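Colleague: Based on what follows, work out the 3D shape:
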Amino acid sequence: MGFADFYFERQQNFQVKISEKPNTDLKFIVVIPCFNEFKLLETLNSIRNCEKIKSSIEVIIVFNSSEDASSEIVNQNKKSYYEAKNWIAQQEDSSLRFFILNEQNLPRKFAGAGLARKIGMDQAVHRFNSINQDKGILVSLDSDSVLMPNYLAELEKHFNKFSKTNVITSYFEHQVTGDEFSNDIYNAITIYELYLRYYKLALKYTRFPYSFYTIGSCFAVSANAYAKQGGMSRKQAGEDFYFLHKIFPLGNCFEINTTCVYPSSRPSDRVPFGTGPMVKSIAESDNNEFFTYNFDTFKEIKSFLNHIDDLYHIDDIELDKLLDLIPDCIADFLRRNKIEKALTEISKNSSNIESFKKRFFNWFDAFKILKYLNFAHEKYYSKQLLKLEVEKLLRLISKSEIEEKNCKSYLEIVRKIERKF
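Modeller: Numbers count the residues shown, from 1 in each chain. I've put the predicted structure just below:
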């Protein structure tokens, strides 16, 4: 039996779409959804130009569109499809193989990045399953992203060293200067990337254990973990966030910051939310300013999580005393969310403190934190300018001198904090 047989028993509509047998030394499969994309060949060339690794690699490109897609989108998909097909025909490396899936006229209700990514990843898992390669790796990429040449080599190095890894997230940088876009667009992507880094680093500051980026072009997951956790969500957007937060609780999650993915900086409306729509929205705003969560709300989370060891088998009287010690806002939120009932249930089903913590963070998860942040800014706080909150964070986590107090200089500082190349 294959390691993923149980997964495919639940996938009633699954059909094998690639007839060629995989190489026996296949270790990595890159999955790329492609929708209304005109720069796919840049992505494919960046994969081809990566440093050679020991194992075989496959790339699955999933062209996709909805049943109600416009003629412009359909035509762009056709153009990109034939460009990719002709490009692939010229490739001669048997250890780097490219496959195209043409998934047009998908149901309007489900069509989107999530379903396209799921179609490609399910095919990838099936191929690993056919050679019983439970240590196979699914590499998630977007059709407008470019890889640093050492990307696949760094992935291979990591998974060889840490064979039990369930998922890694990769360092990324958007292009924030150049002549491809207007200054407004480059300012907008600078602001948006700074927001992403602010949120992730602020979350890490709180001691929340799953403070990782959740970007569709910047993660790799083991085929075994993918199948075990029920596969990719078919949400039309945000599928990466929902999927990765199913994987993180498995543990053995890592970041690699010795290489880089370069996602596109361009604005778009191809998905309901995400980088493209956010860049478009910021660029079209009056002054490119961006308001975000007050950093004090993250300090409140930290003040609560500092007491996590005290929560194991805590009684109601001691819990009330503890909640009186932490800031009013998060205490109010926790009471409204019936923390006493949750802790009783969690402690009852935990044999030790480590088991308790794991179960606790299944309750106080990334979704609960988002609910808290929104609650806090409705009842207690107002959102603040991003650059002001980033400065608060940097004064606590960075020794860098802050010379120019603007988003561009702040972005460079937080990039340096994270990158290792």
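Colleague: Check which helices and strands the one helix or strand residue 393 maps to is in contact with.
Modeller: Taking DSSP states H and E as the definition, residue 393 sits inside helix 386-397. Packing partners of helix 386-397 (3 or more Cβ pairs under 8 Å, 6 or more residues apart in numbering; DSSP states H and E): helix 183-205, strand 291-292, helix 295-305, helix 407-418. Bear in mind the C-beta positions are built from the backbone N, C-alpha and C, glycine included.
Colleague: Next, the buried residues of it.
Modeller: Going by neighbour count (16 or more other Cβ atoms under 10 Å), the buried part of helix 386-397 is 386, 387, 389, 390, 392, 393, 394.
Colleague: Return the closest of these with respect to residue 380.
Modeller: residue 389 (15.4 Å; Cβ to Cβ).
Colleague: Run through the residues that contact that closest one.
Modeller: By Cβ atoms under 8 Å, 6 or more residues apart in numbering, the residues touching residue 389 are 198, 202, 292, 293, 294, 295.
Colleague: For these, please prepare TSV with the additional fields pLDDT.
Modeller: Shown next, in TSV, are these (pLDDT from 0 to 100):
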residue	pLDDT
198	97
202	98
292	96
293	98
294	98
295	98
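Colleague: Check the residues you listed and tell me the two furthest apart.
Modeller: 198 and 294 (11.5 Å).
Colleague: Between those two, tell me which one has more neighbours.
Modeller: The neighbour comparison of residue 198 against residue 294 (other Cβ atoms under 10 Å) goes to residue 198, with 24 against 20.
Colleague: does residue 16 count as helix, strand or coil?
Modeller: Following DSSP: H, G, I helix; E, B strand; the rest coil, we place residue 16 in the coil state.
Colleague: Ignoring the adjacent residues along the chain, who's closest to it?
Modeller: Leaving aside its chain neighbours, residue 16 sits nearest to residue 126 (6.3 Å; criterion: Cβ to Cβ, 6 or more residues apart in numbering).
Colleague: Pretty sure residue 15 is one of the things the one you found touches, is it not?
Modeller: No - Residue 126 lies out of contact with residue 15 (Cβ atoms under 8 Å); the separation is 9.7 Å.
Colleague: of these two, who's got more company?
Modeller: Per other Cβ under 10 Å, whichever of residue 126 and residue 15 has more neighbours is residue 126, with 22 against 9.
Colleague: ok, residue 188 to residue 295 distance?
Modeller: 22 Å (Cβ to Cβ, to the nearest Å).
Colleague: what do you get for residue 282?
Modeller: From residue 282 over to residue 295 the distance is 20 Å, taken as Cβ to Cβ.
Colleague: again, but for residue 96
Modeller: Going from residue 96 to residue 295 by Cβ to Cβ gives 45 Å.
Colleague: before we move on, back to that, comparing residue 188 and residue 295, which residue is more hemmed in?
Modeller: residue 188 (26 against 21).
Colleague: Isn't the more buried one up against residue 283?
Modeller: Yes - counting by Cβ under 8 Å, residue 188 touches residue 283, with 4.0 Å between them.
Colleague: thinking again about what came up before, residue 158 is nearest to which of the helices and strands packed on helix 386-397?
Modeller: Between those, helix 407-418 lies closest to residue 158; by Cβ to Cβ that is 16.1 Å.
Colleague: Report the angle between the closest one and helix 183-205.
Modeller: For helix 407-418 against helix 183-205, the angle by axes from the mean of the first three to the mean of the last three Cα atoms, to 10 degrees is 40 degrees.
Colleague: Packing partners of helix 407-418?
Modeller: Applying 3+ Cβ pairs under 8 Å, 6+ apart, we find helix 407-418 packed against helix 183-205, helix 386-397.
Colleague: Any chance of those helices in JSON lines with distance to residue 245 as columns?
Modeller: Converted to JSON lines, those look like this (distance: least, Cβ to Cβ, whole Å):
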{"stretch": "helix 183-205", "distance to residue 245": "12"}
{"stretch": "helix 386-397", "distance to residue 245": "22"}
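Colleague: Nearest to residue 365, out of those?
Modeller: helix 183-205 (11.6 Å).
Colleague: Please name every helix or strand in contact with the closest one.
Modeller: helix 275-284, strand 291-292, helix 295-305, helix 386-397, helix 407-418.
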